[in-house]
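> predicted model follows, preceded by the sequence.
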There are 2 protein chains.
Amino acid sequence: MTPGEALPPPEEARIVATYLLRGDLSDVRVRARDLCVEQTVEVSESLCADPFIAGSVVASIEGIEPAGGDSWAVRIGFPTAVATDEIPQLVSMLFGNISLKSGLRLESVDFPEAYARRFRGPALGVDGLRCRLGVSGRPLLASALKPVGRSPRELAAYAEAMARGGIDLVKDDHGITNQSFAPFDERVRRCADAVASANAATGGHTVYLPCVNAPAEQVIERCHVAAACGCGGVLVSPFVVGLDVMRRIAVETDLVVMSHPALAGAFLPRADHGIAAGVLFGTLMRLAGADLVVFPSWGGRFPVTRDDCASVDRRLKAPLGGMASAFPVPAGGMTLERVAALRGLFGDDVAFLIGSALYERSPDLVANVRHFRALVDAAESPEKGETPGTKP
Amino acid sequence: MTPGEALPPPEEARIVATYLLRGDLSDVRVRARDLCVEQTVEVSESLCADPFIAGSVVASIEGIEPAGGDSWAVRIGFPTAVATDEIPQLVSMLFGNISLKSGLRLESVDFPEAYARRFRGPALGVDGLRCRLGVSGRPLLASALKPVGRSPRELAAYAEAMARGGIDLVKDDHGITNQSFAPFDERVRRCADAVASANAATGGHTVYLPCVNAPAEQVIERCHVAAACGCGGVLVSPFVVGLDVMRRIAVETDLVVMSHPALAGAFLPRADHGIAAGVLFGTLMRLAGADLVVFPSWGGRFPVTRDDCASVDRRLKAPLGGMASAFPVPAGGMTLERVAALRGLFGDDVAFLIGSALYERSPDLVANVRHFRALVDAAESPEKGETPGTKP
């Protein structure tokens, strides 16, 4: 090196993804190397010899540690230059082609600080949403307009009653999209008006979030319709419309973004293959801009464990670049009786989503929501610093 | 009924989806009913009593037949009015929430003729693409620009050599998106120019398909850049950017659309749960407008069976509304030696995608493509009517 000669730019620290693999260590080493190649250069080893490609493009095995039984935690280092700061390519690099293989479980992803800072994440997050709703010191209360088949007038009546009862968030069921018996524009206008009217009467700040799962060219348009109708937010299923489409909503609108897990379950690990709940509903949803993340809770009608839920909670709230935290929304057949147990895990920064059970309690939705609120207030909040879900 | 009184509109025939479930018949019946409710109204049974909702909204069990061992083929009828003609809602209805459950394998989907006619499917399809490429009576030849890490000049040189050798389709590797060492605009311009120059020299019609996996607001923009550069097509991973985003590309541009299976593997059945390859790569890709569908072939580096491939082939080519057929593109570690076996299954309407193996044969890519072409011409085409993949 002669004085004054430009040094090559220092290589940025790598994104470290941890995968669980089972089997003999020697076999695991081979499959780990195969993963490194498949997820970056996708060529035979003989075509990886170029020094730049071998050194700065192909992913690297950063470590292999025992993980109980015949499992190994394999840490793979991905160059940020290969990942880019585009979410589709990042996710494709982490699990794209290997989704087609077997026995690879993506357990966690750790981003270098400088890289994480390139993503905005939730536009509002926990603090911003609390500010918008005027709610502090307690969990949020959420419910759903349902079922598909109800008319816009009926749905609007439910929305109004819930808002009068003091619900914080009322969303469409994700299956209510643009059916002929409840077309998007009419439904959203009626429900938004109903919530506005209740808010005016009570002085409350209930936010209505219509479902914007829609044809690709209409998702953003429907968000704008929702905003124009006075909706404060939207519900979207990122695996139905595209993960990055959710980020676009967060960037291009001023709406509260709630993510819904339809289709996401395909990614959950089965037969030791898939993306762990913490990465799927924690890391990826937060990165892609969800303020509130609906995911199946343990103890409901989906096969999810309490540990899974704690992992999602951690990843939505732990420091990550400069990103805001997001609210976990454990759901899926939740009953009013489970509020206390859920508060025990998630602490105060959680939104409880009670659907069918709220309608079933009595025909008086206003009273049902008040009862829901009373249960939440009565549920003991864990001591500060002892919230299991926020431990590292 | 008094004379002159309007009859309610006759209900359209239902979409019939067949799921495989294992277990005792009585248990299967319960889970089938649960699926009907979960995938439409998503409420407790007590809230389904309304006659309109019970009769015209909730899905119905159309039949349960033994399917070998303790498996049952459960046919579920979904009202088209709930599905709408929006692909995101259709797919969400077929597998959205139940993706989070266990033991449900979506095996096939049959659409009423009138409903299928609401979807355009591939804009070009087999006949249109053959016309554009000037190729009849033989399979198409495809390869990939790789690996990520090569400069735009290097990739363009590969593209030019392949075009000179007579390749029909040359696509980017799906991991080549917008990296700093090969930014989209420069790479696409150089590669498109290189292919155009080769075409001018040979009189050929090679089409270059850059990868448009991109942030949500840039996918269509990159397609327009590709078209402006003279690219004839694009490669897109629908499960990375959004399934319906692919349909939008097919509708809004004049580009050949090739789908790539990154992330799609998460949906393949594992532990008796998921979406069968035939539905995933056959039905859904065709519905969403792919002219060419890349999917893992049996005998390559992914765990896929020959029967899976035959099922994909059938669903890409069987009559479906007025939709054009699409080309299967079996891929994933294909070697030149396997061309004959693949032609035996897929017949002439197939595109062979050979990646690494084409680069490895010799440093002379022009000669390698000519060799590839000679192998394809030498591979015997199955007798008409005997193509296994096109039998009903």
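Alright, I've got the coordinates.
> is stretch A:343-363 anywhere near chain B?
Yes - counting by CB under 8 Å from any CB of the partner chain, chain B is contacted by stretch A:343-363 at A:G355, A:S356, A:A357, A:Y359, A:E360. From N, CA and C alone the C-beta is placed, and that goes for glycine too.
> out of those, who's the most crowded?
A:G355 (23 neighbours; other CB atoms under 10 Å in any protein chain shown).
> shouldn't that residue be in contact with A:T335?
No - the pair A:G355 / A:T335 is not scored as a contact, 10.0 Å apart, by CB atoms under 8 Å.
> tell me who's in contact with the residue of chain A found nearest chain B.
Residue nearest to chain B within chain A: A:G242 (2.5 Å; CB to the nearest CB). By CB atoms under 8 Å, 6 or more residues apart in numbering or on different chains, A:G242 lies in contact with A:A216, B:A216, B:V241, B:G242, B:L243, B:D244, B:V245.
> again, but for A:P152
A:P152 makes contacts with A:A182, A:P183, A:E186, A:R187, A:R189, A:R190, A:C191, as judged by CB under 8 Å, 6+ apart.
> what secondary structure does the third one sit in?
It stands for A:E186. Secondary structure, DSSP: H, G, I helix; E, B strand; the rest coil: A:E186 is helix.
> what's the spacing between the closest residue to it other than its chain neighbours and B:A228?
Distance criterion CB to CB, 6 or more residues apart in numbering or on different chains; nearest residue to A:E186, sequence neighbours excluded, is A:P152 at 4.9 Å. Look at A:P152 and B:A228: by CB to CB, to the nearest Å, they are 43 Å apart.
> list the contacts of the closest residue to A:K146 other than its chain neighbours.
Spatial nearest neighbour of A:K146, excluding adjacent residues (CB to CB, 6+ apart): A:D173 at 4.2 Å. By CB under 8 Å, 6+ apart, A:D173 lies in contact with A:A144, A:L145, A:K146, A:P147, A:V148, A:C211, A:G355, B:E42.
> same thing but 10 Å
Shown in contact with A:D173 (CB atoms under 10 Å, 6 or more residues apart in numbering or on different chains): A:144-148, A:150, A:155, A:211, A:235, A:260, A:355, B:40-43, B:97.
> now A:G321
A:F111, A:P112, A:E113, A:A114, A:Y115, A:A116, A:R117, A:R118, A:F119, A:R120, A:G121, A:L287.
> count of residues packed around the first one?
What that stands for is A:F111. Residues near A:F111, counting by other CB under 10 Å, number 23.
> just the fourth one next, same as before
Using other CB under 10 Å as the criterion, A:A114 is surrounded by 11 other residues.
> which one is it nearest to, not counting chain neighbours?
In space, A:A114 is closest to A:E12, 6.5 Å off (CB to CB, 6+ apart).
> let me know the pLDDT of that neighbour.
In this prediction, A:E12 carries a pLDDT score of 79.
> my guess is it contacts A:T84. True?
No - the pair A:E12 / A:T84 is not scored as a contact, 12.0 Å apart, by CB atoms under 10 Å.
> of the two, who's got more company?
A:T84 (19 against 12).
> tell me who's in contact with that one.
By CB under 10 Å, 6+ apart, the contact set of A:T84 is A:L90, A:M93, A:R118, B:T177, B:N178, B:Q179, B:S180, B:P183, B:A214, B:P215.
> show me what from the stretch 251-392 of chain A comes close to chain B.
Residues of the stretch 251-392 of chain A found near chain B, taking CB under 10 Å from any CB of the partner chain as the criterion, are A:251-252, A:260-275, A:280, A:288, A:295-296, A:300-304, A:332-333, A:355-357, A:359-360.
> switch the cut-off to 7 Å
For the stretch 251-392 of chain A, the contact set with chain B under CB under 7 Å from any CB of the partner chain comprises A:261-267, A:270-271, A:273-274, A:296, A:302-303, A:356, A:359-360.
> just these: which are in strands?
A:G274, A:P296 (DSSP state E).
> from the residues of the stretch 251-392 of chain A next to chain B, keep the buried residues only.
Using 16 or more other CB atoms under 10 Å in any protein chain shown as the burial test, those include A:261-267, A:270, A:273-274, A:296, A:302, A:356, A:359-360 as buried.
> nothing else from me, thank you.
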